[in-house]
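Peer 1: Fold the following for me, if possible:
(one chain, ligands or ions: 1)
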Amino acid sequence: MNLNEAKQKFSELLLNTKAESREDLINFLKNSEEIEDFISDSHVQILESISEQLRSVVPCSGVLQSESIVNLDDPQTEHIDAFLFPDDVLDDFCDEGKMSRHYCSNCGSKKTQKLDLVSHSFSVWELKWLFTKILPPLANKVIMDVGSRLGCVLYAAAEYTNASKIIGVELNPDFCALQNSIIEQYNYDKIEVIQADIRTQDQLLKSCDVVILNNVFEHFQSPEDQAKCWDVIFGSLRRKGQVIVTVPSLQESLDELKGQLPDNWVSEIEWELDEELVPDECDLESLKSVHLYQVL
Ligand SMILES: C[S@@+](CC[C@H](N)C(=O)[O-])C[C@H]1O[C@@H](n2cnc3c(N)ncnc32)[C@H](O)[C@@H]1O
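Peer 2: Next up, the predicted model:
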């Protein structure tokens, strides 16, 4: 049903409603929490349907053959993708024996250890939380996701914000092609995907209001290249008030590289996590690893 047809149906519904109840119906539409929930859930539904569509073209690990991931063969690590496969689906995979959350540290014994699960994307619920609870309203702002991969941050930004422009920069051409096919199908006309190394995009970084870096370099670049990528980020994001979202914290990423944050560059904005409000579908520990900064 298109908008005009929906309007027509709504007029009919009003006419068929008892005259004395029409005002109550209108007030229900204006103020009801159910309608609010419906509207916000409709974004979740769209993101879930994109996820389902991508599942049929991306392997279970979320890793493409055309990628080179650092330490992909590490037996203690399982590569997953929280956007493609939420936690309950992973539980089903474990029950069906398709994957494990543990590895045997002494083959043949019951001495098992927890695998490190590395997700290469935010989950649908983390994305909803990011754009509705963590970030401020982003009307007319320019948002960039560095390393946009499946594009889930871009689609969520299009669903939840009134940003003027949403930019994804991604090294891998196959992921760029996947993103462009979703953008076309869902008419996300504010999203632009650029296939490039972020190190060549300093001017674009300067023009953005919000820059998102989710586990972006650590599994994809050598330590030397990671350090060079961070240098470009430090050098380009210099406009007072620019907002940066990172997972893990900037400090954690730099500690791994024995690097240092530039003096007086950013301050961390503490955001409140009301654990009571976090839905079961949303992994609390993953949410806690989201850090928010503002350029000084
Ligand atoms: C963990 S994924 C991030 C996924 C996505 N941003 C999200 O939050 O769901 C990191 C992505 O960054 C890309 N990447 C790594 N280094 C990059 C660089 N120097 N320039 C552009 N993209 C890069 C990788 O190809 C990978 O797809």
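Peer 1: Burial check on Asp73, number of neighbours?
Peer 2: 6 (other Cβ atoms under 10 Å). Placement of C-beta: from N, CA and C, glycine included.
Peer 1: Would you mind measuring from the nearest residue to His291 once chain neighbours are set aside to Leu204?
Peer 2: Leaving aside its chain neighbours, His291 sits nearest to Ser249 (4.5 Å; criterion: Cβ to Cβ, 6 or more residues apart in numbering). Ser249 sits 24 Å away from Leu204, going by Cβ to Cβ, to the nearest Å.
Peer 1: One more: Ile198?
Peer 2: Ile198 is 9 Å from Leu204, by Cβ to Cβ.
Peer 1: and for these two, which residues touch both?
Peer 2: Val169 (Cβ atoms under 8 Å, 6 or more residues apart in numbering).
Peer 1: Contact partners for the residue nearest to His291?
Peer 2: For Ser249, the contact set (Cβ under 8 Å, 6+ apart) comprises Glu268, Ser289, His291.
Peer 1: What about those, which are in strands?
Peer 2: Mapping these onto strands (DSSP state E) picks out Glu268, His291.
Peer 1: Highest neighbour count among the contacts of Ser249?
Peer 2: Top of those by neighbour count (other Cβ under 10 Å): His291, with 22 neighbours.
Peer 1: returning to that earlier point: neighbour count for Ile198 and Leu204, which is higher?
Peer 2: Using other Cβ under 10 Å as the criterion, Ile198 and Leu204 rank with Ile198 on top: 23 against 18.
Peer 1: and the gap between that one and Lys206?
Peer 2: Distance of Ile198 to Lys206, given as Cβ to Cβ: 13 Å.
Peer 1: One more: Val58?
Peer 2: To Lys206, Val58 is 32 Å away according to Cβ to Cβ.
Peer 1: which of these two has more neighbours?
Peer 2: Val58 (20 against 13).
Peer 1: in this structure, which spans are strands?
Peer 2: 77-80, 102-104, 112-114, 116-119, 142-146, 165-170, 191-195, 210-214, 243-247, 266-268, 291-295.
Peer 1: Include mean pLDDT and distance to the ligand when you put those into JSON lines, please.
Peer 2: Formatted as JSON lines, those follow (pLDDT from 0 to 100; distance: least, Cβ to the nearest ligand atom, whole Å):
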{"stretch": "strand 77-80", "mean pLDDT": "80", "distance to the ligand": "10"}
{"stretch": "strand 102-104", "mean pLDDT": "65", "distance to the ligand": "22"}
{"stretch": "strand 112-114", "mean pLDDT": "67", "distance to the ligand": "21"}
{"stretch": "strand 116-119", "mean pLDDT": "76", "distance to the ligand": "8"}
{"stretch": "strand 142-146", "mean pLDDT": "98", "distance to the ligand": "5"}
{"stretch": "strand 165-170", "mean pLDDT": "98", "distance to the ligand": "5"}
{"stretch": "strand 191-195", "mean pLDDT": "98", "distance to the ligand": "9"}
{"stretch": "strand 210-214", "mean pLDDT": "98", "distance to the ligand": "3"}
{"stretch": "strand 243-247", "mean pLDDT": "98", "distance to the ligand": "8"}
{"stretch": "strand 266-268", "mean pLDDT": "97", "distance to the ligand": "19"}
{"stretch": "strand 291-295", "mean pLDDT": "98", "distance to the ligand": "13"}
